[in-house]
Structure formats: structure tokens, C-alpha cells
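J.: Let's see this in three dimensions:
(one chain, ligands or ions: 1)
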Amino acid sequence: MDDKPMDKQDILDELEEIHKLDSDYAEGRILGSMCTEAHPFAKEVYCKFLDTNLGDPGLFKGTKSIENKVVKSIGEMLSLDNAYGNIVTGGTEANIMAIRAARNHARKYKGITDGEIIIPDSAHFSFKKAADMLNLKIVEAKLDENYKIDVESLKDVISDKTVAIVAIAGTTELGLIDPIEEISEIAFENNIYFHVDAAFGGFSIPFLRQAGYDLPVFDFSLDGVCSITVDPHKMGLAPIPAGGIIFRKEEYLDVMAVDSPYLTVKTQSTIVGTRLGASSAATYAIMKYFGKEGYLKLAQGMMNNTHFLAENLKKIGYEIICEPELNIVAFNHPNMETNELALKLEELGWKVSVSKCPIAIRIVLMNHIKKSHLEELLEDLKEIF
Ligand code: 0PR
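T.: Presented below is the predicted three-dimensional model:
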């Protein structure tokens with residue numbers, strides 16, 4: 001740190017210069033991000049609530065009531081009338097909370113002390129962090145030829161140590177939805193905690209289903225589903241950080257509670273202590289501002305772009321990995337290495353992302369990618385072909 005205070009304008013100028021190194025969503029060149037520019041109204045609200053701390057909710061009763069309302073309305077979006085949970089920093093924290101709830105629940109009610117979690121190969125790496133922190137063993141369920149959980153292989157790996165099964169509604173790499181209805185039945189019959197990671201799909205699948213898109217049911221209308229991760233900072237257009245963890249029952253929060261004697265509430269179930277109220281307020285504002293109609297329009301726009309891209313890639317001769325279910329397209333050149341193609345695109349100024357399972361160029365059609373950007377991209381891909 002410098003000895004002397006620095007002039008505000010000089011600091012701002014320096015920061016402005018550094019900020020220029022960052023990519024800008026508005027340029028439409030960021031192709032592999034699940035985040036996007038937050039809506040200006042959500043940003044405005046976020047700034048107003050910057051000093052609120054939900055770690056000590058008795059001091060911020062208003063903001064705490066906003067968090068409760070957001071959790072309730074995300075729960076309703078997922079077919080649950082009385083939801084419990086929190087607005088947290090993102091999908092990682094939400095998934096860690098879900099797995100912690102499952103582990104503690106199994107420890108308390110089944111006496112399992114050396115638990116296992118069953119996750120598919122397509123699961124986000126946050127579950128590896130969760131298993132590491134919570135001292136759980138990861139058991140992998142195989143994927144079928146369509147890159148979704150193979151239900152038979154999942155049945156095979158269930159054991160008396162299983163504390164949770166995880167399935168995904170909107171996989172990170174391909175945007176696919178696992179056979180959640182079937183898995184929910186299996187989890188319910190075996191009395192095993194079932195967590196659905198809809199960090200990406202949670203803010204689009206419900207609206208697209210209502211509009212008649214042929215997408216499977218994935219939410220609390222299925223008896224076996226115990227918790228769902230849904231991220232407002234992905235498809236919800238809320239500012240970073242905003243993740244959502246929604247539990248079916250309060251007891252899943254109770255089994256994680258630790259004493260917090262000198263605070264305005266006597267127990268705390270979240271991982272983080274001091275935590276943002278601004279995320280809850282901004283999420284509340286943007287959900288009210290869009291309503292179901294607004295989110296449907298957004299999701300439909302992104303799906304239209306997804307189909308436009310997929311169809312035109314095929315016309316040029318590129319190979320699509322799978323028909324998109326949500327707004328992700330993964331593809332390859334018929335006879336060029338994926339990494340070579342990625343490099344060529346990078347050289348042309350595109351920020352690309354390469355998926356691992358299977359190896360492919362992966363494009364997430366977020367709100368910042370407009371049709372005109374796709375037309376430019378397709379021109380470049382035609383040249384490369
Ligand atoms: N669950 C799923 C299904 C996800 O796709 C992700 C993140 C998470 C959980 C974890 O969420 P947080 O990153 O909010 O903790 N998926 C993207 C990924 O890791 C996130 C991302 C966002 C990546 C923006 C890049 C980027 O520019 O690939």
C-alpha cells in the first residue's frame with residue numbers, strides 16, 4: 001500500500017486502464033460463458049443494498065424478508081409451495097450446501113459416517129470440491145450414448161453408503177437434461193437424498209415447458225427431489241454473485257445448523273457467514289421486472305439463436321454432437337482436431353470453450369450473443385471449412 005492517499009480521479013483512471021483488458025459481453029465474442037451482462041435494473045437495485053449483511057439477519061430484517069420472498073418464488077417456479085433455502089454466491093456454493101445437507105441428514109438418521117455420492121461424469125466440478133470438503137467418496141454413474149445418466153448403471157452403484165444422488169438439468173458442457181423422473185423414483189424407493197443441479201437450466205426449462213417445448217419434468221413435482229440448485233446469475237440475468245439453493249423441507253437446513261450465539265439469530269446453516277443481501281434484492285427486482293412472460297421471451301430468443309446456429313453449422317458441414325435441448329451447441333469439424341479449430345477461432349477474436357466429454361467446440365447462446373454475432377461467426381467458420 002502507498003504511504004500517502006491517492007487522488008480519486010487518478011485511481012479511477014488507473015482502474016479504467018486495467019479494466020480495458022477485460023472482455024466485454026456486448027461485443028458478442030464470449031462464446032463459452034454461462035454468465036452474461038446483468039440487466040441494468042438489477043444492477044441499480046444491487047448497489048442500493050450493498051451494505052446489507054444477511055449473516056446477521058436480525059439487523060437487516062427487510063432484506064432477510066426479501067431473501068425469503070425470492071426463495072419462495074423460485075420454489076414456486078419449481079412446483080414447490082413452501083420452499084426453504086438461500087440466495088448464495090453461485091452454483092458451487094449451492095451444490096456444496098445440498099451435499100452437506102444430504103451428508104448430515106444421512107449421518108443423523110441413518111448413521112452413515114463414510115458416505116458416498118453418486119454423480120454422472122457430466123456433473124460440474126463443484127461436486128468434486130463438495131466431496132473433498134465433506135470427506136465423501138465420489139462414485140460415478142455412467143452416461144449413455146446420448147450423454148445422459150444411464151439409469152441402469154446408476155442403480156448398480158447404489159450402496160448402503162450412498163448419501164446422495166445427483167442429476168443435472170442443463171449440463172455444463174452440452175445443456176442436456178438427465179432422466180430425472182426415473183432417477184427420482186429410484187431415489188424415493190431407496191430413501192436416498194436426490195439433488196438436481198439446475199444451475200443453468202432452472203431459469204429457462206420451466207418457462208419453455210409452459211410454452212410447449214418438449215422438455216422433461218425436473219422439479220419438485222417429482223416426490224424424490226429433495227433440493228435444486230438454480231442460479232439467478234446465469235439465465236436469470238441477476239448480477240454476479242447470485243446462486244440459489246432450494247430445499248423441499250426445513251429439516252435439510254436444520255441438519256446443517258451450527259450455533260451462532262452472539263448474533264441476532266441463534267443458528268446458521270449457510271456456509272458463508274457475512275453474506276450479501278444485495279444479491280437477494282437484485283434477484284427479487286429482476287424476477288418481478290421480467291415476470292414469467294419476460295423470462296419466457298428471453299429463453300425463446302436464446303433457443304431461436306441456438307437452432308439458427310445448429311442448422312447453419314450443419315449446412316456448412318460441421319458435425320453437431322447432439323440436438324440441443326437448451327441453449328448450448330457443441331460441434332466439431334469432420335476432419336480437423338477440435339483444438340486446432342479452437343485456435344483458429346481464437347485467432348479471429350472469438351473466445352471459445354472446448355468441452356471434455358466429448359471433446360468439441362461448445363457455444364453457450366447467452367443473452368449477449370445476438371443473431372448478427374452468429375452470422376459473423378458462421379462466416380468465419382465457412383472460411384475455415
Ligand atoms: N452447476 C452447473 C450445471 C454449472 O454449469 C455450473 C457453472 C455450476 C454448477 C457452478 O456454478 P458457479 O460457477 O456459479 O459456482 N458453469 C459454468 C462453468 O463452470 C460457469 C461459467 C460461467 C463458466 C462463466 C465460464 C464463464 O465465463 O463452466
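J.: Thought Phe200 was touching Ile177, still the case?
T.: No: with contact defined as C-beta atoms under 8 Å, Ile177 and Phe200 do not form a contacting pair (10.2 Å). Where C-beta positions appear, they are placed from N, C-alpha and C, glycine not excepted.
J.: which neighbours do those two share?
T.: Residues touching both Ile177 and Phe200 (C-beta atoms under 8 Å, 6 or more residues apart in numbering): Ala169, Gly170, Thr171, Leu326.
J.: What about Asn86, how many residues nearby?
T.: Here the neighbour count serves as a burial measure; for Asn86 (other C-beta atoms under 10 Å) it reads 25.
J.: Can you tell me how far it is from Leu374?
T.: With distances taken as C-beta to C-beta, to the nearest Å, Asn86 is found 37 Å from Leu374.
J.: all helices for the chain, in order.
T.: Along the chain, counting by DSSP state H, helices occupy 8-19, 40-48, 61-77, 91-110, 126-134, 151-157, 180-189, 205-210, 251-254, 278-316, 338-347, 371-384.
J.: Now find how far off-centre stretch 73-85 is within its chain.
T.: Centroid separation for stretch 73-85 versus its chain: 17 Å, with C-alpha atoms, centre = their mean, to the nearest Å.
J.: quick one: buried residues of that stretch?
T.: Residues of stretch 73-85 classed as buried: Ile74, Gly75, Met77, Leu78, Leu80, Ala83, Tyr84, Gly85 (neighbour count, 16 or more other C-beta atoms under 10 Å).
J.: Those into JSON lines, with extra columns for pLDDT?
T.: What follows is the buried residues of stretch 73-85, written out as JSON lines (pLDDT from 0 to 100):
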{"residue": "Ile74", "pLDDT": "98"}
{"residue": "Gly75", "pLDDT": "98"}
{"residue": "Met77", "pLDDT": "98"}
{"residue": "Leu78", "pLDDT": "98"}
{"residue": "Leu80", "pLDDT": "98"}
{"residue": "Ala83", "pLDDT": "98"}
{"residue": "Tyr84", "pLDDT": "98"}
{"residue": "Gly85", "pLDDT": "98"}
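J.: tell me which residues in stretch 56-67 are buried?
T.: For stretch 56-67, the buried set under the neighbour-count rule, 16+ other C-beta under 10 Å, comprises Asp56, Pro57, Phe60, Thr63, Lys64, Ile66, Glu67.
J.: Let me fix that, I meant to ask about stretch 156-169.
T.: Quick answer for stretch 156-169 (16+ other C-beta under 10 Å): Ile158, Lys161, Thr162, Val163, Ala164, Ile165, Val166, Ala167, Ile168, Ala169.
J.: Those residues: which two are farthest apart?
T.: Lys161 and Ala169 (25.6 Å; C-beta to C-beta).
J.: check contacts around the residue of the stretch 251-385 of the chain found nearest the ligand.
T.: Of all residues in the stretch 251-385 of the chain, the one sitting closest to the ligand is Ser353 (7.2 Å; C-beta to the nearest ligand atom). Going by C-beta under 8 Å, 6+ apart, Ser353 touches Leu31, Gly32, Ser33, Ile361, Arg362, Ile363, Val364.
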